[in-house]
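J.: For reference, the sequence and a predicted model appear below.
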Amino acid sequence: MNPAPPPSLARDRRVWLSYGLACALAWLMHLLAGLDAQRGSWSPWLAVYQATFALWPPALIGALCIPWMQWLENRNFSPAVRLTGHVLAALLFGRLWQALEYAADAFFYGAAHATAVMIQGLLTREIFGIVVYAGLASSFMAVLASRRARAGAIAAAQAEAALARAELAVISGKLKPHFLFNTLNSVIALTRKDAKLAEQALLQFSNMLRYVLATRRDAEQRVTLAEELEFVGNYVALEAIRLGPRLQVDWALDPTTLQDEVPPLSLQPLVENAIVHGVAPRAVGGKVRIASERAADDGALHLVVQDDGAGCEPQRLEEAPAPGARGGIALAALRRRFALDFEGRARMSIHTAPGQGFRIDLWIPQTA
């Protein structure tokens, strides 16, 4: 596959504006030098004439060099061929300069004068032509390299963003089937015990499915904390039917945080872990605490999910929850989701120890 052609500079207005300003600056410097040389017999119009007459040929040829350089760079030539092209063009630049200057002199002053001027400045014009072309080529290549680097950075950023979106979608997909499978098993278990309770559970389950299967949600969408808590509430109510008084839930919510934005399905997997691992295995049950507050330092949304279950050894949970360990899939997916979705600004902290329960703190940044 051939590399993509460099960005076009021959059609860039800023390139032509910069070239025009450079020509104007060269003309002004030539004018000032002429005025200084004629200080005794001060003749500004003569200095203007000399500056214009001397610089119009290289200015015209230089304008033609920009499309030529763009064409040369657009071809898939080797560096040696490009260098050869530039060397020949530099030599041709001086010859064209002499030809245009000769034509102007012959038109205004006659062929004899034009020939004399050409012979006198033959070597000088050739050297000046090479120097001017080298300056133009260097400037052009510098601008082109800058544009290439910028285009490459933009392409890399776009590719990274696309990869992050795809990975977020995969992570969301990991959370949803895991949750649906466990909840469906709970509903099936209820149908064997109490049909009326099973009907109530199915209604709650349908409300949860409506939330999960909202097809317009993508990996980057946000929902309000109130919406996520309504979804969590349906899940807790469903588990309460199954566990009865063994499940106690303590809601400690700051009303000012209910309209804060969170990623969909970011809180429910944590509550599910607390119930499944911290409450359900114990004959006496247990308590789950769900809290929200405003972080004092940066205004982020601070969420807490805590149970008073048996807890476990930390086992470096902060670095990498192992699959198969308590909440390994949900915690690892949520951690990765935060890293991709919030560019490292969201935080998750895990505290646990044998006999001391399990606590997860989330800090989700909020836009102004």
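T.: Arrived safely.
J.: For residue 207, grab the count of nearby residues.
T.: Residue 207: 16 surrounding residues under other Cβ atoms under 10 Å. C-beta coordinates here come from the backbone N, C-alpha and C atoms, glycine included.
J.: Could you do residue 299 as well?
T.: Neighbours around residue 299, by other Cβ under 10 Å: 12.
J.: Count the neighbours of the closest residue in space to it that isn't next to it in sequence for me.
T.: Nearest residue to residue 299 in three dimensions, chain neighbours excluded: residue 366, at 6.2 Å (Cβ to Cβ, 6 or more residues apart in numbering). Residue 366 has 16 neighbours, counted by other Cβ under 10 Å.
J.: Same check on residue 245?
T.: Look at residue 245: counted by other Cβ under 10 Å, it has 8 neighbours.
J.: Just to check, the residue nearest to residue 299 is in contact with residue 261?
T.: Yes - with contact defined as Cβ atoms under 8 Å, residue 366 counts as touching residue 261 (6.6 Å).
J.: in what helix or strand does residue 131 lie?
T.: Assigned by DSSP states H and E, residue 131 belongs to helix 122-191.
J.: for residue 363, same thing?
T.: Residue 363 is located in strand 358-364, with elements delineated by DSSP H and E.
J.: strand partners of that strand, parallel vs antiparallel please.
T.: Sheet pairing of strand 358-364 (DSSP bridges) gives strand 301-307 (antiparallel), strand 347-352 (antiparallel).
J.: closest one to residue 149 among these?
T.: Nearest of the strands paired with strand 358-364 to residue 149, taken as Cβ to Cβ: strand 347-352 at 33.7 Å.
J.: what's the closest one in contact with?
T.: For strand 347-352, the external contacting residues (Cβ atoms under 8 Å, 6 or more residues apart in numbering) are 311-314, 317-318, 331, 334-335, 338, 358-363.
J.: 6 Å instead, please
T.: If you take Cβ atoms under 6 Å, 6 or more residues apart in numbering as the criterion, strand 347-352 is touched by 311-312, 314, 317, 335, 358-363.
J.: Can you tell me which helices and strands the helix or strand where residue 107 lies packs against?
T.: Assigned by DSSP H and E, residue 107 belongs to helix 79-109. Applying 3 or more Cβ pairs under 6 Å, 6 or more residues apart in numbering; DSSP states H and E, one finds that helix 79-109 contacts helix 44-74, helix 111-120, helix 122-191.
J.: So what's the model's average confidence on the longest strand along the chain?
T.: Criterion DSSP state E: the longest strand present in the chain is strand 286-294. Mean pLDDT, computed over strand 286-294, is 94.
J.: do the same with stretch 130-149
T.: On average, the pLDDT along stretch 130-149 is 81.
J.: for this protein, what are the low-confidence residue spans?
T.: By pLDDT under 70, the weakly predicted segments of the chain are 1-11, 34-43, 155-180, 182, 214-220, 314-330, 368.
J.: Specify the beta-bridge partners of residue 352.
T.: In this entry, residue 352 is beta-bridged to residue 358, by DSSP bridges.
J.: Run a quick neighbour tally on it.
T.: Neighbours of residue 352 (other Cβ under 10 Å): 23.
J.: quick check: domain ranges of this structure?
T.: Domains of the chain are assigned by automatic domain parsing as 13-120, 161-364.
J.: Out of those domains, indicate the one that is most buried.
T.: Comparing those by mean neighbour count (mean count of other Cβ atoms under 10 Å), domain 161-364 comes out on top with a mean of 17.
J.: Need the strands paired with strand 358-364 in JSON lines (columns: distance to residue 82).
T.: Written out in JSON lines, the entries for the strands paired with strand 358-364 read as follows (distance: least, Cβ to Cβ, whole Å):
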{"stretch": "strand 301-307", "distance to residue 82": "57"}
{"stretch": "strand 347-352", "distance to residue 82": "51"}
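J.: Looking at the ones you listed, spot the one closest to residue 99.
T.: That would be strand 347-352 among the strands paired with strand 358-364, by Cβ to Cβ, at 71.1 Å.
J.: CA atoms only for that closest one - export them in PDB, please.
T.: Output in PDB follows, covering the C-alpha atoms of strand 347-352 (Å, rounded to 0.1, in the frame of the first residue of the first chain):
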ATOM      1  CA  ARG A 347     -11.100   6.900  40.600                       C
ATOM      2  CA  MET A 348     -12.100   3.700  42.300                       C
ATOM      3  CA  SER A 349     -10.900   2.600  45.700                       C
ATOM      4  CA  ILE A 350     -11.400  -0.900  47.300                       C
ATOM      5  CA  HIS A 351     -11.200  -1.600  51.000                       C
ATOM      6  CA  THR A 352     -11.600  -5.100  52.400                       C
END
